[in-house]
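Colleague: please work out how this folds:
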Amino acid sequence: MLEVQNLSAWYGAAQALFGVSLRVGAGEMVVLEGLNGAGKSTLLQSVIGLGPRTQGQVLFQGTPIESWPAHRRAQLGLGYVPEDRRLFADLSVLDNLRVAARVATPKDGQVPITVAQRQEQVLELFPALRAMLKRRAAEMSGGEQQMLSIARTLMTAPSLLLLDEPCEGIAPLLVESIRDALLALRKQGLALLIAEQNALLADHADRVITLVAGQLSEPVA
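Modeller: Coordinates of the predicted model:
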């Protein structure tokens with residue numbers, strides 16, 4: 001589904017990634033580990049098209065997309081949950097969900113899912129949000145905001161989800177809720193590439209890839 005080939009990235013003259021190659025198959029959960037500054041966020045941003053200058057190839061569903069702007073990559077089915085969440089702080093939970101809503105183009109023989117149906121699916125994954133639909137995002141805890149950030153991205157109907165440190169700085173109980181939601185998404189067939197240090201996710205991953213100073217620490221399985 002996603003294949004990154006010999007990807008390098010630069011911030012000005014400073015190189016952040018060095019020939020990184022990886023793949024994520026349909027329905028797989030791949031966890032990307034590494035210390036702060038190892039290049040995890042840079043890699044995810046490079047895949048979605050919001051990062052620095054890059055060289056190398058990014059293929060999604062067989063299509064080379066490394067020259068595409070981020071919005072075209074999202075339209076193709078890439079979803080991105082950034083570390084800083086980027087919610088609309090003054091909007092309600094419901095408005096944050098609806099502003100991102102997109103009706104996916106159905107595959108042959110499938111009935112299209114409406115925005116209301118997708119919203120209901122998202123709220124089933126994150127039932128805590130159901131009681132907060134009128135609450136402003138600015139009034140939520142960090143863990144609640146993270147659930148909303150993931151839920152909002154799911155409203156774009158992605159087929160592969162990129163998540164940057166979804167469990168960082170969050171209360172353990174909410175970490176477990178996020179883990180359970182991500183595992184449920186994988187079971188539904190959604191592919192996931194997750195930059196995360198929390199072992200609760202790595203323990204359930206199909207594969208774990210480690211970055212050290214912008215390079216893979218060992219060959220990709």
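Colleague: contacts and neighbour counts: CA atoms only from here.
Modeller: OK.
Colleague: residues making contact with stretch 22-42?
Modeller: Stretch 22-42 is contacted from outside by 1-5, 9, 16-17, 51-52, 164, 186-197, 201-202, 204-215, 220, using C-alpha atoms under 8 Å, 6 or more residues apart in numbering.
Colleague: and those, which of them are buried?
Modeller: Among these, those scoring as buried are 1-5, 9, 16-17, 51-52, 164, 186, 190-197, 201-202, 205, 207-215 (criterion: 16 or more other C-alpha atoms under 10 Å).
Colleague: residue 28 and residue 82: what is the separation?
Modeller: Remark: distance between residue 28 and residue 82 (C-alpha to C-alpha, to the nearest Å) = 20 Å.
Colleague: likewise for residue 117?
Modeller: Residue 117 is 25 Å from residue 82, where distance means C-alpha to C-alpha.
Colleague: between those two, which one's more packed in?
Modeller: Set residue 117 next to residue 82 and count neighbours by other C-alpha atoms under 10 Å: residue 82 wins out with 19 against 12.
Colleague: grab the nearest non-local neighbour of that one.
Modeller: Excluding its sequence neighbours, the residue lying closest to residue 82 (C-alpha to C-alpha, 6 or more residues apart in numbering) is residue 164, at 5.3 Å.
Colleague: over to the one you found: give its phi and psi.
Modeller: phi -110, psi 110 (degrees, to the nearest 10).
Colleague: just residue 122 next, same as before
Modeller: phi -70, psi -40.
Colleague: any idea how far residue 114 is from it?
Modeller: On the measure of C-alpha to C-alpha, residue 122 and residue 114 end up 12 Å apart.
Colleague: who has more neighbours, these two?
Modeller: Ranked by neighbour count (other C-alpha under 10 Å), residue 122 and residue 114 place residue 122 first, with 23 against 13.
Colleague: can you tell me how far that one is from residue 182?
Modeller: From residue 122 to residue 182 the distance is 11 Å (C-alpha to C-alpha).
Colleague: outside of the helix or strand bottoming out on mean pLDDT in the chain, which residues touch it?
Modeller: Every helix and strand in the chain was compared by mean pLDDT, DSSP states H and E; the lowest is helix 199-202, with a mean of 83. With C-alpha under 8 Å, 6+ apart as the test, helix 199-202 has contacts from 31, 176, 179, 196, 208.
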